[in-house]
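Visitor: Sharing a sequence plus its predicted fold:
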Amino acid sequence: MEKTLEKKQLIKKSEDFSKWYVDVILKSGLADYAPVKGCQVFRPYGFAIWENIQRVLDEKIKKAGVKNAYFPLFIPEKFLKKEKEHVKGFSPELAVVTIGGGKKLKEKLVVRPTSETVIYEMYKKWIKSWRDLPLLINQWCNVVRWEKRSRLFLRTTEFLWQEAHTVHETHEEAIEEVMRALKMYVDFYRDFLAIDGIFGKKSESEKFPGAEKTYTYEMLMPDGKALQGCTSHDLGQNFAKPFGIRFVGRDGKEKIPWQTCWGFSTRSIGALIMVHGDDSGLIIPPKIAPIQIIIIPIFQGKPSDRILEKKVKTLKSILKDFKVKVDFRQEYSVGWKFNEWELKGVPLRIEIGQKEVKENKATLVRRDNGEKYSVPLVALVSETKKTLDSIQKNLLEKSSKYLKENTREVFDYKEFQDIMKRNRGFLKVFWCEDPKCEEKIKAETKATNRVLPLNALKEKGKCIYCGKKATHRWIFAQAY
RNA sequence: CGGGGACUAGUUCAGCGGUAGAACGCACGGUUCGGGACCGUGAGAUGGAGGGUUCGACUCCCUCGUCCCCGACCA
């Protein structure tokens, strides 16, 4: 077994949140700092979470008819320059290869910050007719963005993600795809990662460089800052035009197709850690946990208790449909093990010792609320399932409650400023959609425009900043 | 990239211009085991890297690197 812990206690989440965040990641064995600035190592336990995320999302993606492929890591620099906004948005954070095989390269190669350009260069070759559409391709890969300030999982120089790039005959169809992808992500966050948030459209200044419209899921972290959980972009014809992607339509005329792209990254793991964790460590929702149940045998003064060992094996086989691990280690005390598995966020612990053996029971302990109760072995499977479901549900409910309590409708700029100084959170306000107001709000309060909720109604209001006419209420918050 | 802080054993830290010490961890042996047990023995550090000052640098100075916090930038 991988050893990750020291005896030293974890700093309290409530005491120093950012320190707690780093601490819990390092101590629980999710990740470690790499020798290269801004880069992190995904340790087996952390990578296992990503693999679980991948498995679930990949299935959803495939179900939608999107196929996996793989495009190269290197992109000729000139490709990036084809779409003006795109190159402008990404050039400050590019890693560029200038030497290859010991020789200076004639054409510099960019390490992909995202793959639009290299993929669309290929799409140009592959798309000829309306019969080639829709073209639906996804790739799981790494990307590199030379960020000035990195944080484990949330913003690293290299990160892992999935990026899908689709091409459609009509704008309507493309928009439909954008919404489908967004909904897929939202469902995933709620159903699997148990994190509630607000989904909708990004403002002009916050949208993806090169996109027509950007949709996203914004989540609220315990320190009152917002984290963007995914992206789904309506690219319009912005890339198709400069990349020369054309097709002959059903009417025999040459046409420009409509494109979308959508992505989901390892940053989601950062959200998972922050939202659910507590003073004792991580809490991983059962549906995504690498280990759902940790069985801890309690050898009471008997280092080799055959009866107990047999019982544990029986238990494990009864629970074969769950991800179960047994901690048989003799060199650690029971209390030590409890603490370690709590730190690692295993949602359910099962204790079994002489007491349980005698009564033909097992003791279940929930990680989310510490509740402890004994269950007869005959009811173990159903009780376990029920408990895991309840934990999953409880985590989402907690997240929803926090989101609700910290999303405030504000009509007065003074109040806006006060809230940003005090407890932050999401601020729902009328905004006139003038980027200048957005900028000033940011300069004065650190809050930026996060999202226009998709279900936002058209209303009559006054811009929180300038007082001019506003029609919609947007969500503002300080971003991660 | 600007301001501040840190870097000494695996980890957290102490100490000192005369080349290092604790606790925890680790290894071995024994006693333990229902919320981070204990005893004994032992291994483990070219002091983040490079340069300078000095008879002598972990200690003083400079440069660089990495991490943390606060900004600017940015998904």
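Guide: In hand now; what should we look at? Numbers count the residues shown, from 1 in each chain, chains lettered A, B, ... in the order given.
Visitor: residues from the stretch 201-350 of chain A in reach of RNA strand B?
Guide: A:206, A:208-209, A:216, A:226, A:228, A:231, A:280, A:298-303, A:330-336, A:338-340, A:342-343 (Cβ under 7 Å from any atom of the strand). Every residue, glycine included, has its C-beta placed from N, CA and C.
Visitor: Are any of those buried, and if so which?
Guide: The neighbour count (16 or more other Cβ atoms under 10 Å) marks A:206, A:208-209, A:216, A:226, A:228, A:231, A:280, A:298, A:338-340, A:342-343 as buried among these.
Visitor: For residue A:70, list the residues it contacts.
Guide: A:139, A:141 (Cβ atoms under 8 Å, 6 or more residues apart in numbering).
Visitor: quick one: it from residue A:119, how far?
Guide: Separation of residue A:70 from residue A:119 (Cβ to Cβ, to the nearest Å): 10 Å.
Visitor: ok, now residue A:258?
Guide: 15 Å.
Visitor: which is the next helix or strand following the longest helix along chain A?
Guide: As assigned by DSSP state H, the longest helix anywhere in chain A is helix A:380-405. Downstream of helix A:380-405, the first helix or strand assigned by DSSP states H and E is strand A:407-409.
Visitor: in that following strand, what counts as buried?
Guide: Buried, per 16+ other Cβ under 10 Å, within strand A:407-409: residue A:407.
Visitor: Tell me the strands beside that strand, with direction?
Guide: According to DSSP bridges, strand A:407-409 has the following sheet partners: strand A:426-431 (parallel).
Visitor: can you give me the strands for the stretch 301-450 of chain A?
Guide: A:324-326, A:348-352, A:361-366, A:372-376, A:407-409, A:426-431, A:448-453 (DSSP state E, counting those that start in this stretch).
Visitor: which residues are contacting the third one?
Guide: When you say that, I think you mean strand A:361-366. Here strand A:361-366 has contacts from A:315, A:347-352, A:356, A:371-377, A:380, A:383-384, A:387, A:390-391, using Cβ under 8 Å, 6+ apart.
Visitor: redo that, cut-off 6 Å
Guide: Identification of contacts with strand A:361-366 by Cβ atoms under 6 Å, 6 or more residues apart in numbering yields A:349, A:350, A:351, A:352, A:356, A:372, A:373, A:374, A:375, A:376, A:380, A:391.
Visitor: likewise the fourth one?
Guide: With contacts defined as Cβ under 6 Å, 6+ apart, strand A:372-376 is touched by A:361, A:362, A:363, A:364, A:365, A:383.
Visitor: now with 8 Å?
Guide: With Cβ under 8 Å, 6+ apart, strand A:372-376 has contacts from A:356, A:359, A:360, A:361, A:362, A:363, A:364, A:365, A:366, A:383, A:384.
Visitor: and if you look at stretch A:184-192?
Guide: Against stretch A:184-192 from outside (Cβ under 8 Å, 6+ apart): A:53, A:56-57, A:60-61, A:64, A:195-197, A:199, A:217, A:219, A:229-230, A:232, A:262, A:264, A:268, A:285, A:287-288, A:396.
Visitor: If you count neighbours, what's buried in it?
Guide: Buried residues in stretch A:184-192 (16+ other Cβ under 10 Å): A:184, A:185, A:186, A:188, A:189, A:190, A:192.
Visitor: related to what we said a few turns ago, residues that sit against both of residue A:70 and residue A:119, list them.
Guide: Joint contacts of residue A:70 and residue A:119 (Cβ under 8 Å, 6+ apart) are residue A:139.
Visitor: What separation do you get for the residue positioned nearest the centre of chain A and residue A:197?
Guide: When Cα atoms, centre = their mean is applied to chain A, the residue found nearest the centroid is residue A:268 (1.7 Å). For residue A:268, the distance to residue A:197 equals 11 Å [Cβ to Cβ].
Visitor: Find the residues that touch each one of those two.
Guide: Joint contacts of residue A:268 and residue A:197 (Cβ under 8 Å, 6+ apart) are A:189, A:229.
Visitor: Now render the strands of the stretch 301-450 of chain A as a markdown table, adding mean pLDDT.
Guide: Output for the strands of the stretch 301-450 of chain A, formatted as a markdown table (pLDDT from 0 to 100):
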| stretch | mean pLDDT |
| --- | --- |
| strand A:324-326 | 95 |
| strand A:348-352 | 96 |
| strand A:361-366 | 97 |
| strand A:372-376 | 95 |
| strand A:407-409 | 95 |
| strand A:426-431 | 95 |
| strand A:448-453 | 95 |
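Visitor: Out of those, flag the one nearest residue A:173.
Guide: strand A:448-453 (22.9 Å; Cβ to Cβ).
Visitor: which outside residues touch that closest one?
Guide: For strand A:448-453, contacts defined as Cβ under 8 Å, 6+ apart pick out A:198-203, A:205-206, A:216, A:218, A:226, A:228, A:426, A:431, A:438, A:441-442, A:472-479.
Visitor: Go through those residues and flag which are in strands.
Guide: Under the assignment DSSP state E, the contacts of strand A:448-453 contribute A:198-201, A:216, A:218, A:226, A:228, A:426, A:431, A:472-477 to strands.
Visitor: The stretch 101-250 of chain A: helices as residue ranges?
Guide: Applying DSSP state H, counting those that start in this stretch to the stretch 101-250 of chain A gives helices spanning A:116-126, A:171-191, A:240-243.
Visitor: and those helices as CSV, adding mean pLDDT?
Guide: Shown next, in CSV, are the helices of the stretch 101-250 of chain A (pLDDT from 0 to 100):
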stretch, mean pLDDT
helix A:116-126, 96
helix A:171-191, 98
helix A:240-243, 96
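Visitor: just so I know, which of the ones you listed lies nearest residue A:139?
Guide: Closest among those, using Cβ to Cβ: helix A:116-126, at 8.0 Å.
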